[in-house]
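Engineer: need the 3D shape of this:
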Amino acid sequence: MDSERQTGKDQAPDDTTGMTHEEKRRDQLLAAPGAVESDADPRIDVTHRPGVTRIDIRDDADVRPGDPTKDPEG
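Structural biologist: Numbering: from 1, shown residues only. I've put the predicted structure just below:
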C-alpha cells in the first residue's frame with residue numbers, strides 16, 4: 001500500500017519531475033508537433049464513492065471512444 005501513497009501534489013513517491021499527474025498529462029499532450037491547447041482539455045469525469053469509481057466520457061470531449069461512423073443510439 002505504501003507504493004500507492006501519493007504526496008500532496010498528486011505525485012508518486014519516486015517522482016523526480018516535481019510535476020503533478022495533470023501537469024504531466026498536459027505536457028505530454030501538447031508535445032506533439034501541431035498540438036493546440038484544446039488537445040489537453042479534459043475528456044473524462046471521474047467520481048469516487050466508497051467502493052465505487054465511476055468514469056464517464058464528457059459530453060464536450062472532442063475525442064470519444066467508439067466507431068465514429070456509427071450512431072451511438074443505434
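Engineer: all helices for the chain, in order.
Structural biologist: Shown for the chain, the helices assigned by DSSP state H span residues 21-29.
Engineer: flag the shaky bits of it, pLDDT-wise.
Structural biologist: 1-14, 72, 74 (pLDDT under 70).
Engineer: again, only using 80
Structural biologist: 1-16, 62-66, 68, 70-74 (pLDDT under 80).
Engineer: in it, which spans are strands?
Structural biologist: 44-49, 52-57 (DSSP state E).
Engineer: return the list of helices and strands in contact with the first one.
Structural biologist: Using 3 or more C-beta pairs under 8 Å, 6 or more residues apart in numbering; DSSP states H and E as the contact criterion, the neighbours of strand 44-49 among helices and strands are strand 52-57. All C-beta atoms are positioned from the backbone trio N, CA, C, and that covers glycine.
Engineer: hang on, the earlier thing: and the strands of the chain as a markdown table, adding distance to Leu29 and mean neighbour count?
Structural biologist: Compiled in a markdown table, the strands of the chain are given as follows (distance: least, C-beta to C-beta, whole Å; neighbours: other C-beta atoms under 10 Å):
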| stretch | distance to Leu29 | mean neighbour count |
| --- | --- | --- |
| strand 44-49 | 13 | 9 |
| strand 52-57 | 17 | 9 |
